[in-house]
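Chemist: Next comes the sequence, and after it the predicted model I'd like to discuss.
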Amino acid sequence: MVNNLYNLWVLVFAIKIKQIVTKINLIYRSPSGSQKEFLDFFEVFCNQHVIDRENVIVLGDLNIDYCKEDNYSKRLKTYLNDNNLKQCVNNFTHIAPSGNQRLIDMVICEKGNSDIICEVLDEPVFNHHSLIKMSSREKYCDTRITRIYRSKPEDVNIFKERLEEITFNFGEKDINNKYDNFYNSVMYVINETMP
């Protein structure tokens, strides 16, 4: 399926907010990875973990331009449509080195889920991604995702403050080091503030 796993990250976790459990699937495909191999993987992954399941969201930088009319974006759109899934981001999220604006950062959920709202918060700049705000029309989602563990409201505020203090090195070239640094930093803050 995917011959070079170093070109792909997948992180799956669940959050529970007011008795509703949502499974979050974070996916990153390196631009150097094969689009065909990735789509082969993505379809199998979604068949096993996303389709016909409630409260499942796929977030990620898939490095496939959703707005481009090529075989890969058409295959992705067809797969989503045929499997009752939708891509929720509706604006460009990245500027390529060529200067072309691209929509490569996606939020995918069930078509019937009208609660998910995605907003691109800033204009993409050269070789950087825009920040995407994902929210819900449902009141239960007013609680922030930082409620990963049982915690008191003051713990969540401390968590957010500590998380904002972390400096992430996104310029790191080695994708595994980049992931490890990010994951370890976030887990350190979680363990310190919400043991």
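Modeler: That came through, no problem.
Chemist: check contacts around Asp52.
Modeler: For Asp52, no contacting residues are found, by Cβ atoms under 8 Å, 6 or more residues apart in numbering. The C-beta positions use only the backbone N, C-alpha and C, and glycine is treated the same way.
Chemist: ranges for the helices of this structure?
Modeler: Residue ranges of the helices in the chain, as given by DSSP state H, are 35-49, 71-82, 153-165, 175-193.
Chemist: Pick the most deeply packed of the ones you listed.
Modeler: Compared across the helices of the chain, helix 35-49 shows the largest average neighbour count, a mean of 17 (mean count of other Cβ atoms under 10 Å).
Chemist: which strands and helices sit next to that one?
Modeler: Applying 3 or more Cβ pairs under 8 Å, 6 or more residues apart in numbering; DSSP states H and E, we find helix 35-49 packed against strand 8-17, strand 20-29, helix 71-82.
Chemist: returning to what we had before: how about the helices of the chain, which one is nearest Val120?
Modeler: With Cβ to Cβ as the criterion, Val120 lies closest to helix 71-82 of these, at 18.1 Å.
Chemist: Determine the angle, from 0 to 180 degrees, between that closest one and helix 35-49.
Modeler: Calculated by axes from the mean of the first three to the mean of the last three Cα atoms, to 10 degrees, helix 71-82 forms an angle of 20 degrees with helix 35-49.
Chemist: Check which helices and strands helix 71-82 sits against.
Modeler: With contacts taken as 3+ Cβ pairs under 8 Å, 6+ apart, helix 71-82 sits against helix 35-49, strand 85-87.
Chemist: How much space separates Phe42 from Ser185?
Modeler: 27 Å (Cβ to Cβ, to the nearest Å).
Chemist: Apologies, that question was intended for Val10.
Modeler: Distance from Val10 to Ser185, by Cβ to Cβ: 19 Å.
Chemist: Now do the contacts for Asn55.
Modeler: By Cβ under 8 Å, 6+ apart, the contact list for Asn55 reads 20-23.
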